[in-house]
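# Give me a model of this one.
(one chain, ligands or ions: 1)
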Amino acid sequence: MGVIEIEVEPLPCTWCKRLLEQRRWWAPKRFCSPWHRVKYRVMQALGFVADILT
Ligand SMILES: [Zn+2]
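Okay, the predicted model is just below:
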């Protein structure tokens, strides 16, 4: 009998692929910094616009 331990696999940052240690399995980190999240969003938006224009 003991505390249930949940092992969480490190996930790579979606932007720079750096491995991130996951401390909260209920809210996995996908970006190593908020700035990378912004960059990712911007690139997604640009891709969306390029899709419309081409
Ligand atoms: Zn990153």
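
# Check residue 2 and give its pLDDT.
Listed pLDDT for residue 2 reads 73.

# now it: how far from residue 38?
Distance, residue 2 to residue 38, by Cβ to Cβ, to the nearest Å: 41 Å. Where C-beta positions appear, they are placed from N, C-alpha and C, glycine not excepted.

# Compare these two (neighbour count), which wins?
Higher neighbour count among residue 2 and residue 38: residue 38, with 12 against 4, using other Cβ atoms under 10 Å.

# Relative to residue 30, how far out is that one?
When residue 38 is compared with residue 30 (using Cβ to Cβ), they lie 13 Å apart.

# Now do the contacts for the most centrally placed residue in the chain.
Against the mean C-alpha coordinate of the chain, by Cα atoms, centre = their mean, the closest residue is residue 30 at 1.6 Å. By Cβ atoms under 8 Å, 6 or more residues apart in numbering, residue 30 lies in contact with 11, 13, 14, 20, 37.

# are any of these buried, and which?
Among the contacts of residue 30, those scoring as buried are 13, 20, 37 (criterion: 16 or more other Cβ atoms under 10 Å).

# from the contacts of residue 30, which ones fall inside strands?
11, 20 (DSSP state E).

# give me the subset of the contacts of residue 30 touching the ion.
If you filter those for contact with the ion, counting by Cβ under 5 Å from the ion, you are left with residue 13.

# now, which of the contacts of residue 30 sits nearest the ion?
residue 13 (3.2 Å; Cβ to the ion).

# I figured the closest one hits residue 31, correct?
Yes - between residue 13 and residue 31 there is a contact under Cβ atoms under 8 Å: 5.4 Å.

# where do the contact lists of these two overlap?
Listed as contacting both residue 13 and residue 31 by Cβ under 8 Å, 6+ apart are residue 20.

# sorry, back to before: quick check, the residue nearest to the centre of the chain in a helix?
No - secondary structure of residue 30 (DSSP: H, G, I helix; E, B strand; the rest coil): coil, not part of a helix.
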